[in-house]
Every structure is written in C-alpha cells, then in structure tokens.
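A.B. asks: Have a look; sequence and predicted model below, questions after that.
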Amino acid sequence: MRLFTPEAMREADGKAVALGYPSLLLMEWAGMKAARVYLDLFGKVPAVVLAGKGNNGGDGFVLARHLLLEGVRVRVFAAEGQEGDALLAKRALLAHGLEVRPLEEASFGPGEVLVDALFGTGLKGPLSGFYAGLVEGMNASGLPILALDLPSGLPYAPHVRATATVAFAALKTPHLLLREACGKLYLAEIGLPKPLLEREDLPQVATPEALRPLLPKRPLTAHKGSVGRVGVLGGYRGEGLRYAGAPLLAALGAYRMGAGLVHLVAPEGTPLEPLEAVFHPVSSPTLPPLKVEALAVGMGGGPWGKAWALEALKAGLPTVLDADALHPEVAEAYRKAGLPAVLTPHAGEAGRLLGVSPEEVGKDPLGVAQALAERFGLTVVLKGNPTVVAEGKRLSLNPTGNPALATGGTGDVLAGAIAALLAAGLPPFEAARLGVYLHGLAGDLLAEEKGVGLLAREVAEALPWARKLLAEGRAPWPFSRV
Ligand SMILES: NC(=O)C1=CN([C@@H]2O[C@H](COP(=O)(O)OP(=O)(O)OC[C@H]3O[C@@H](n4cnc5c(N)ncnc54)[C@H](O)[C@@H]3O)[C@@H](O)[C@H]2O)[C@@H](O)CC1
Ligand SMILES: [K+]
C-alpha cells in the first residue's frame, strides 16, 4: 500500500477521469462513506457541515444529503463559488430542501458534531484570516470534529484537530506524519480503479498483508542452529559508567523474535542474562570467534561502540548498527565493505550521521531517512512516530507503535529483533520493515492492556504474541477500513 502526496492523489483522480470514470461517482462514494462513519461514531447527533468551495466541500454536501436521508438534523454553512462536481453536489442537496447558508454565518454549539469539509488536498499554503479564525474556533469549541479527507489546514498550522478523519482512496502523507491531528483514522474505498493506486515510486505503508509473507518459516526439522543465530556486541564498563542492560535487552529481542541461539559479547561483569544466551565476557571491544549469521552492535557500547563496530566488520556478516555504533566513519566503512548493514538511529543519532540538528530530522523524517540511505548505501531505520525504513529509493512507513514505547531499552530490543530476522535470512529492507512492525505491534498490544509504563523487556516478551497474530492473519489493521 502506497502513501500518496496530494499531487499524486490528484494525478490518480485525473487518470480515472481520463479513463472515462465519472468523478462525481468518486465524490458520491466519498461523501456516502463519510456519512457512514459519522453514523457509526455519533449516531443521530445533529451535524454542522462547514464546506469550502472546492471538492472537499463537495464531499461535505454529499455527506449532508446522506445524513439528512438517515434522519439526522443537519445545518450546512458553505463558502461561495462552487463549480463542477462540488456545484452538482450542492444542487443535489438543495433539491432536498435544505438551506445552505454562507460560511461567514457559521455557528455551532453544545450537542452538535462539526464536519470539516473546508479544505482537502487542494490546500495551497497555510490558512490565514477568516479561515484561520474559523479553524481555531472549531478547535476551541470542544465539539467532536469529523474531518473529510484531511483535517483542514494540514500540513500547516493552524489546522483542524479532528476527533476522526476519513481519508479518501489512499492515505496521504499528513495522515501518518501528522497523525495526532487526524484522531481516529478511517480509510474509505471510493471506487477509484485499483491500478491507479499502485505507484511503485511512492513510499510504502507497511501493512499486515504485505508483511505476513515475509515471516520466516520454521520447518518441522528446525533446530537451534538452523533458524538463525545472532551475536550481540554491546555494553560498557568504565570511567564511572556502566551500561549493562542494553545488550541483554538486544539478546532478549533476538530470542523473542525467533533466534535459535544468541551469543552475548559484553564487558566482564555484565550480568549473565538472559540465561539462554552464550556469554563471551571481554575486557576490550573485541570480536571473539562466533558461529552466527548476523550481528547487532553498539547497544550501550558507550566509548566502545565505534571500535566494536569496526571490529565486527571483520566478520563480514549482516549487521545491525545501533546507538553508540552510529558514527559516519562506521557507516562509511560498512558501505565500502559492501556489507548488508541496518542503521537504527533515532532523530539525534540520525542528525549526528548527517551533520544536521535533531529538529531538522523531525521536520522531514522521510527526506532524512532517504538521504541517510543514499549517502551510506545501507538500510536505515529512522526511529520515531512513524518509524521510517529506507533503502536506496525505497521508503516504508510503519503504522504500528505508540508513545508507550518511549522508554529506555525498547530500541535495544528492536536492534536484536531485526538481527534475528537478518540471521533467519531476510534481506535487510525486509528484516527492518518486519522487525519494526512487530516491535510496534507488540507495544500496541501491551499499551492496550496496560497503558503507559511499559518496560522494554515486556515489549520483547510480547514479540511472539505480535508475531503469532501476524502469522495467523489476525494482526489488527492500523486504520479502520470503510
Ligand atoms: N476526483 C477528485 O478530485 C476527488 C476529490 N475529492 C475531494 O476533493 C478534495 C480536493 O478538492 P480540490 O482540489 O477542489 O481542493 P480543496 O477542496 O481541498 O480546496 C480547494 C479550494 O481551496 C482554496 N485554497 C487553497 N489554498 C488555500 C488557502 N491557503 N487559503 C484559502 N483558500 C485556499 C482554493 O482556491 C480552492 O478554492 C479532496 O481532498 C477530496 O476531499 C473527493 O471528492 C473524491 C474525488
Ligand atoms: K477537510
């Protein structure tokens, strides 16, 4: 499934029309599906529809007509100057005898639901003046807001903060990058011919359908040496500092993702956990001979991280480079060696790799992930909400995960989990996408049960649960489809 830009969406609509598909049908489906979501969420609570003059407003007129037919009390305020489909949709509404009043007279109050049909993909630049005031008034009202296609004003400020958003035909970039503004997200099929939505040049959204076939198979004859063995190199002890937990959590992440055996290379004195690991205590960042198929390097490595990553290069194995292993010289060395490495930076580490500030990373995670992947010729997992996976020209956004995962050690678990998938034979891009997805899903399952206050080791424990749901085709779809 692809993530559309507003321009790509317009192109798809245009192609549908060129194929002879009547655009009014798309609008009818869009408004009708949105009305269905309205009824599901708010029942017969009276609606106030605020419609702009473009096609987003047209969707609003269609929704108003369907709500009216369902017996919902509807008041409609609209901008002047509709043309084309939006005008036809307005006339169809007027034919039902409903009054459409000027947008300037918009009023709303307790006991009503607002429908935001002001702007969708046609917005050019931030809202100002009357529209900025209207959007701020809508937000300040405290009333529930159902946004059609996009909360109006996105991706700029001010914008509507919606209770729920019905995205038409495909998800667009703001739906994932500015998810907080969208509230509960619905994706409505509106009849656009399917091939028009298959755009290989656009970023992918990691869906359960796409990831399920990637799950490594485990034949009846499997043994611990045949399903992928992982070496974890991490931890640090010295100069008053001690990072002991990080490599243990990575080892746990690898086991819980299905590794057959985990070798743990860590400073002497590191706790011997998990019991299932094979321990290699070291007094300097060295690489003992290991029988493994993949490595995870750098978790809690502190000042050892870089030296360890350069040592690990000698193994010539698929490697996850995390935390203290993330330095430009290291990434450059792996690029030169032509090794399939996965870099797993958060915004701060990505900034360090690219020489930009974490704030700049936050402003354009897709661009930064792509820039990193191209600069080093490696696979990049840029952690955040959403986490972005990049390799060459390929980009994938991960829809699972939640703020409860923002706690120490979850990144270590992820590094181990991705290493386990590499060890099982998955190519780096696939291992990264699947690892990130399952890690996020594990966090979602736990957050639903426990809320905030998760421990990283609990996330590791929940990986098999997430994996099982995916394997059985029961992984919840991250958005509701209508
Ligand atoms: N075939 C299609 O194109 C379909 C489009 N649909 C809907 O149509 C929407 C896109 O429609 P449009 O392209 O007409 O665009 P919009 O309805 O999103 O907005 C366009 C209007 O906003 C004005 N505008 C743009 N930037 C502004 C700003 N900063 N301040 C004030 N006014 C501004 C423009 O002058 C224009 O009048 C989609 O989001 C979706 O809701 C759906 O009906 C499905 C089919
Ligand atoms: K809207």
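C.D. replies: Okay, I see it. Ligands and ions are numbered 1, 2, ... in the order given.
A.B. asks: The stretch 101-250 of the chain against ligand 1: which residues are in contact?
C.D. replies: 119-125, 127, 131, 148-149, 168, 190 (CB under 6 Å from any ligand atom). Just so you know, the C-beta spots here come from the backbone N, C-alpha and C atoms, and that holds for glycine as well.
A.B. asks: which residues sit against stretch 430-437?
C.D. replies: Defining contact as CB atoms under 8 Å, 6 or more residues apart in numbering, one finds that stretch 430-437 is touched by 206, 208, 211, 214-215, 257, 318, 342, 379, 381, 387, 389, 391, 396, 398, 400-401, 414, 417-418, 420-422, 426, 470.
A.B. asks: Give me the sheet partners of the longest strand seen in the chain and which way each runs.
C.D. replies: Secondary structure of the chain read by DSSP state E shows that its longest strand is strand 261-267. Strands that pair with strand 261-267, judged by DSSP bridges, come out as strand 229-233 (parallel), strand 278-282 (parallel).
A.B. asks: show me what contacts His280?
C.D. replies: Contacts for His280 (CB under 8 Å, 6+ apart) come out as His263, Leu264, Val265, Ala266, Pro288, Leu290.
A.B. asks: If we use 10 Å, what do you get?
C.D. replies: Contacts for His280 were tallied using CB atoms under 10 Å, 6 or more residues apart in numbering; they are Gly231, Val232, Leu233, His263, Leu264, Val265, Ala266, Thr286, Leu287, Pro288, Pro289, Leu290.
A.B. asks: For ligand 1, what's its nearest residue on the stretch 201-350 of the chain.
C.D. replies: Leu202 (16.9 Å; CB to the nearest ligand atom).
A.B. asks: what about that residue, which helix or strand?
C.D. replies: Counting by DSSP states H and E, no helix or strand carries Leu202.
A.B. asks: Got phi/psi on it?
C.D. replies: phi -100, psi 160 (degrees, to the nearest 10).
A.B. asks: which ones are touching Ala307?
C.D. replies: Counted by CB under 10 Å, 6+ apart, Ala307 has contacts Ser284, Pro285, Thr286, Gly301, Asp324, Ala325, Val330.
A.B. asks: Excluding chain neighbours, give the residue nearest to Trp465 in space.
C.D. replies: Leu445 (5.9 Å; CB to CB, 6 or more residues apart in numbering).
A.B. asks: Was I right to think the one you found contacts Arg474?
C.D. replies: No. Between Leu445 and Arg474 there is no contact under CB atoms under 10 Å: 11.3 Å.
A.B. asks: So for those two, which residue has more residues nearby?
C.D. replies: Leu445 (19 against 9; other CB atoms under 10 Å).
A.B. asks: Spell out the secondary structure type for that one.
C.D. replies: Following DSSP: H, G, I helix; E, B strand; the rest coil, Leu445 is assigned to helix.
A.B. asks: so what's it up against?
C.D. replies: Taking CB under 10 Å, 6+ apart, one finds Thr400, Val459, Ala462, Leu463, Trp465, Ala466, Leu469, Ala475, Pro476 in contact with Leu445.
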